[in-house]
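# Quick one, fold the following:
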Amino acid sequence: MTPLDSILLFGAVAIPAWLAGFPLRGWLARRGILDLPKAYSSHDRPVPRGGGLLVVVAFFGWFFFGSHEDLPAIGWVGLGTLAVAAISFRDDIQHQSRRLRFAIYTVAAAIFVFALRHHPAFGAWGPFWLFAPWLWLWVAGYANALNFIDGIDGLAGSQAVGALLFGAVICLFAEPTGAAGELAALQLVLAGAMAGFLGHNLPRARLFLGDVGSIATGFLLAAVAVLAALTLGWQVGLAMAALHLGPVLDTGITLLRRMIQGQPVYERHREFFFHRAIRSGRSHLSVTLTEAAIQAGGGGLLLVACQQPVPTFFLAIGGLAAVWLIFFGWCEWRFRRSRVAGK
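Okay, here's the model as predicted:
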């Protein structure tokens, strides 16, 4: 896949997705599939939710018409995405049991990971049972992590687009044909669909991803990193996973803090670091653009680091994690200072 092919594929999905967003917004509003403002919300008016259908439809378009014969267990990725998207969209329409949703997410991730048990990569890495729990935790956990950070305009979508575009480039640098080309094409399709959605989510949201978008996209992004690790090498897969350090660290630290404080982990709240930046006076757009800039810088760093020796590679990941932590520390500092000033 040439650079021109990549640009054309991205544009061929992004423009129709953006155009499709207009009738989708109207249909969702007429059906009453709206996100109403609540105590933990960052918006002050009803907004249609379910824009993630654009991404799900784009994935299945690639799944049924694209090339993916070199990707292991891709059928199980498709089935898992269908299950996750179906229960999530049902929840967007009418609240579903948290236990039911959690069970479907985790079972879908477990089935996908189990389907990989005979892949030859495990012969080089070690026994499958040693890695399976971590792969399952990654896929199931990131599906929830992207959902957790979908709390302000453009944040989850821009993080996904950045990760997908840099992930596609990392794959093409590793190998321009075969599994790498197929993974790159998938990521460009998803990035195009998400970019089309962002046209309705920035600078002020007229459409939300909804759970159908954030959770299904998180599931897909995590699965893509696993497939890259198996087909292109663990270093490529780990680099693609590290593209998601922002959502992972924000979610992990925030939920750990709530556990320590004895607060419910899955109860809706406004305690993530991006929420704290907003509550300190920053706008949605400024926080989203700042995190997008960190994502872009990290993507460039990881692209170079993939070609370096292992110690340098891990140093780059550590440096990127440090940048995210510094940013989150700044968000916390602003939030605490604003509370003191408010008193």
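# What strand or helix carries the spatially closest residue to residue 198 that is not a sequence neighbour?
Distances taken as CB to CB, 6 or more residues apart in numbering place residue 157 nearest to residue 198, at 4.7 Å, with adjacent residues excluded. For every residue, glycine as well, the C-beta is placed using N, CA and C. Per DSSP states H and E, residue 157 falls inside helix 155-174.
# mean confidence score for that helix?
Helix 155-174 carries an average pLDDT of 95.
# just checking, what packs against that helix?
Packed against helix 155-174, as judged by 3 or more CB pairs under 8 Å, 6 or more residues apart in numbering; DSSP states H and E, are the following elements: helix 3-30, helix 128-148, helix 178-198, helix 210-232, helix 234-242, helix 245-260, helix 284-305.
# Present these as TSV; the columns should include mean neighbour count and distance to residue 112.
Supplementary listing: those in TSV, determined by neighbours: other CB atoms under 10 Å; distance: least, CB to CB, whole Å:
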stretch	mean neighbour count	distance to residue 112
helix 3-30	16	24
helix 128-148	20	6
helix 178-198	25	15
helix 210-232	27	6
helix 234-242	23	14
helix 245-260	18	19
helix 284-305	19	24
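# Which among those is found nearest to residue 69?
Nearest to residue 69 among the helices and strands packed on helix 155-174 is helix 178-198 (7.9 Å), distances taken as CB to CB.
# and the angle from that closest one to helix 155-174?
Relative orientation of helix 178-198 versus helix 155-174 (axes from the mean of the first three to the mean of the last three CA atoms, to 10 degrees): 160 degrees.
# Can you show me the CA trace of helix 178-198 as CSV?
Taking C-alpha atoms only, helix 178-198 is exported to CSV below (Å, rounded to 0.1, in the frame of the first residue of the first chain):
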residue,chain,number,x,y,z
GLY,A,178,0.5,-9.3,3.7
ALA,A,179,-0.8,-9.0,7.3
ALA,A,180,0.7,-5.6,7.7
GLY,A,181,-1.1,-4.2,4.7
GLU,A,182,-4.3,-5.7,5.9
LEU,A,183,-4.0,-4.3,9.4
ALA,A,184,-3.0,-0.9,7.9
ALA,A,185,-6.1,-0.9,5.7
LEU,A,186,-8.4,-1.8,8.6
GLN,A,187,-6.9,1.0,10.7
LEU,A,188,-7.3,3.5,7.9
VAL,A,189,-10.9,2.5,7.4
LEU,A,190,-11.6,2.9,11.1
ALA,A,191,-9.7,6.2,11.3
GLY,A,192,-11.7,7.5,8.3
ALA,A,193,-15.0,6.6,9.9
MET,A,194,-14.0,8.2,13.2
ALA,A,195,-12.7,11.3,11.5
GLY,A,196,-16.1,11.6,9.7
PHE,A,197,-17.8,11.3,13.1
LEU,A,198,-15.5,14.0,14.6
